[in-house]
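>>> next come a sequence and a model predicted from it.
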Amino acid sequence: DPEEMLESRAPVVTIMGHVDHGKTSLLDALRKTNVVSGEAGGITQHIGAYQVQTPLGGLVTFIDTPGHAAFTAMRARGAKVTDIVVLVVAANDSVMPQTVEAINHAKAAKVPLIVAINKIDLPDARPEKVKTDLLQYEVQLESLGGDVLEVELSAKTGQNLDKLLELIQLQAEVLELKANPFRLAEGTVIEAKLDRGRGPVATVLIQRGTMHPGDIIVAGAEWGRVRALINDKGESTDGAGPSVPVEVLGFNGTPEAGDRVAVVENEARAREITDYRSNLKREKAAARLGA
Ligand code: GTP
Ligand code: NA
Ligand code: MG
């Protein structure tokens, strides 16, 4: 639609890398130091995705996926949520099997990499070895004449975390990420669970449009009416636009990670779509049994 009102949106970043190279530490460190508008008590609502402000003034959305399996599963279902992969490589360990896997995932998804050489605080850190080891996998860093952005950092001491955020913003500017915030919302379920008190709770990354309380929503074979939207600080919000992660309350059943979420015009349309998908699911199950 040429009439679409496109506005720039925050980059959505997934952190990948070998086991114990510091993915969770990095996510936690970034969350603590830079959560948008700060946090007095330091109690962070963990919703599996959050936004931070970069030193250059932009926003970055981090998705805290449980790892490569989730990334692959989402891609297999056609969900493209990540704009940039930050590849964490421990400077004392260098390139390991899951580092290579992550490189391959990013290449297959045509998502640019930023290499974060972590644990630079350790006495046995060998960042230069990491850089040359990566060449074997066709990842040529800027310092070796290539075009892959890189930063040496420590999730433990916080050294160069701000540099990483700057690089993400610079990479995002090259990508010219845009979306229309004014249409009916669409997005992807990052994770979902059935909460005892609150019922089905889905963490959704909004990708186009803006979601509001009261919207009729469909995800996979589930539908509902948005009862509340909870942001990454645990606060209720009136609207979530492109690249914003929110907890969505109000689904009648629990959708699945990777399900596309869409706001539809009315309940009748929501029932029509989800009835069709439920029937399809049943037919497929029956066909499997019959085979
Ligand atoms: P998995 O989720 O199990 O794959 O690991 P991970 O990649 O999330 O690594 P995690 O953040 O759990 O860190 C693994 C270990 O490395 C922990 O003991 C961290 O404290 C330590 N660690 C992480 N980052 C740094 C760092 O910058 N410096 C040092 N010295 N240790 C670090
Ligand atoms: Na670990
Ligand atoms: Mg971890």
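Thanks, I have the structure now. Ligands and ions are numbered 1, 2, ... in the order given.

>>> in this protein, what residue spans correspond to strands?
For the chain, the strands defined by DSSP state E cover 7-8, 12-17, 49-53, 59-63, 84-90, 113-118, 149-152, 178-179, 186-195, 199-208, 216-219, 222-230, 245-251, 260-264.

>>> stretch 90-101 close to ligand 3?
No. Interface with ligand 3: stretch 90-101 contributes nothing (Cβ under 5 Å from the ion), its closest point being 11.4 Å away. All C-beta spots, glycine's among them, are computed from the backbone N, C-alpha and C.

>>> so which bits of that stretch are buried?
Residues of stretch 90-101 classed as buried: 90-96, 98-99, 101 (neighbour count, 16 or more other Cβ atoms under 10 Å).

>>> so for that stretch, mean pLDDT?
The pLDDT scores in stretch 90-101 average 96.

>>> tabulate the strands of the chain in TSV, adding columns for distance to Val130.
Shown next, in TSV, are those (distance: least, Cβ to Cβ, whole Å):
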stretch	distance to Val130
strand 7-8	33
strand 12-17	11
strand 49-53	25
strand 59-63	22
strand 84-90	5
strand 113-118	5
strand 149-152	9
strand 178-179	34
strand 186-195	30
strand 199-208	30
strand 216-219	40
strand 222-230	39
strand 245-251	30
strand 260-264	37
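
>>> what ranges do the helices span in the stretch 1-150 of the chain?
23-34, 68-76, 97-108, 127-135 (DSSP state H, counting those that start in this stretch).

>>> tell me which other helices or strands the third one touches.
For helix 97-108, the packing partners by 3 or more Cβ pairs under 8 Å, 6 or more residues apart in numbering; DSSP states H and E come out as strand 12-17, helix 68-76, strand 84-90.

>>> lowest average pLDDT across the ones you listed?
When the helices and strands packed on helix 97-108 are ranked by mean pLDDT, helix 68-76 comes last with a mean of 66.
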